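Asker: Mind folding the following:
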Amino acid sequence: MIKRYFLLLLITILSFQTYAQNDHKHVKLSEQIKGKRYELFIENTDSISYDIFLKVETDDFRRSSKRPILQTIKGNSKVKVLTMVILNGKEGKYNYILVVNEISYALELDKDFEIIAFKLDREIKSKNVILYTKDDCTICPDAKRILTKNKIGYTEYNLDKDTSNYEKIIKEFKTIKPKSKFNHIPIIKIEDTLYNEIVTLEDFITALRDGFN
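Answerer: Below is the predicted model:
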């Protein structure tokens, strides 16, 4: 626990100068007031987890903790992080610093000439993924390796071998994207969203980033 505390503190210090304080797209601080009691919450509306550093400065409250708060906030959750009681005769003012660090797991393609990094939270790897491939698809082996290496479960349909279901796949594709052409392979389906404009591995990473975000 102590080792993790200092690790999070080190991450916070390293990122403190580069990440906007108190202003994050998905992670916000909110309060609930019950008489003299102020409860502070961190809400994460993203699908991935974040480590937060929260420091509250005030002379108007008695606090449950005066130490900086280092905590992991899971995706789509709201967590109470601090309780404060206003002191008699005080206005109830406080300042805070909130620093947010994305914690996730690197999804990367190791090549001699490039490393493509992508952040993916362990909790959302359970999404339903279908990959459509063909024998002459040059990037399909690497696309499958990215998924396998990062333990992302998927179902593969090889359109050269799975001829019995080919028409069924085309019909499903036309239903989801009626105005789009069934042209580029691979095609990846994440839940109910199809990505069919994948020409390069960078396009594949972009589709994954969008599908899992």
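Asker: Tell me the bridge partners for Lys55.
Answerer: Ile97 (DSSP bridges).
Asker: and it, how many neighbours?
Answerer: Around Lys55 there are 16 other residues, counting by other Cβ atoms under 10 Å. Where C-beta positions appear, they are placed from N, C-alpha and C, glycine not excepted.
Asker: show me the contacts for it.
Answerer: Residues near Lys55 by Cβ atoms under 8 Å, 6 or more residues apart in numbering: Pro68, Ile69, Tyr96, Ile97.
Asker: Among these, name the buried ones.
Answerer: Buried by 16 or more other Cβ atoms under 10 Å: Ile69, out of these.
Asker: Distance to Leu159 and pLDDT added to the contacts of Lys55, as CSV?
Answerer: Shown next, in CSV, are the contacts of Lys55 (distance: Cβ to Cβ, whole Å; pLDDT from 0 to 100):
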residue, distance to Leu159, pLDDT
Pro68, 54, 90
Ile69, 52, 91
Tyr96, 55, 92
Ile97, 53, 90
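Asker: Tell me the one among the contacts of Lys55 nearest to Asp51.
Answerer: For the contacts of Lys55, the minimum distance to Asp51 (Cβ to Cβ) is 10.7 Å, reached by Ile69.
Asker: Let me know whether the closest one touches Leu82 as I believe.
Answerer: Yes. The pair Ile69 and Leu82 passes the contact test of Cβ atoms under 8 Å, sitting 6.4 Å apart.
Asker: where do the contact lists of those two overlap?
Answerer: Leu54.
Asker: what about the most centrally placed residue in the chain, distance to Phe212?
Answerer: Among the residues of the chain, the one closest to the centroid is Ile48, at 3.1 Å (Cα atoms, centre = their mean). Relative to Phe212, Ile48 is positioned 8 Å away (Cβ to Cβ, to the nearest Å).
Asker: With Val79 instead?
Answerer: Distance from Val79 to Phe212, by Cβ to Cβ: 22 Å.
Asker: higher neighbour count, these two?
Answerer: Phe212 (21 against 14).
Asker: Which stretches in this protein count as strands?
Answerer: For the chain, the strands defined by DSSP state E occupy 27-34, 37-44, 50-57, 61-63, 69-73, 77-86, 95-102, 105-110, 115-120, 129-133, 155-158, 187-190, 193-195.
Asker: which of those is buried the deepest?
Answerer: Ranked by mean neighbour count under mean count of other Cβ atoms under 10 Å, the strands of the chain are led by strand 187-190, which reaches a mean of 22.
Asker: How far off centre is that one?
Answerer: Relative to the centre of its chain, strand 187-190 is centred 18 Å away, using Cα atoms, centre = their mean, to the nearest Å.
Asker: care to break this protein down by domain?
Answerer: Domain assignment for the chain by automatic domain parsing gives 2-102, 105-211.
Asker: OK, contacts around the residue located most distally from the centre of the chain?
Answerer: No residue in the chain sits farther from the centre than Gly89, which is 43.5 Å out by Cα atoms, centre = their mean. Contacts for Gly89 (Cβ under 8 Å, 6+ apart) come out as none.
Asker: That one and Lys36, how far apart?
Answerer: Gly89 is 12 Å from Lys36, by Cβ to Cβ.
Asker: Low-confidence stretches in the protein?
Answerer: Within the chain, the segments meeting pLDDT under 70 span 1-22, 47, 102-126, 163, 165-166, 176-183, 213.
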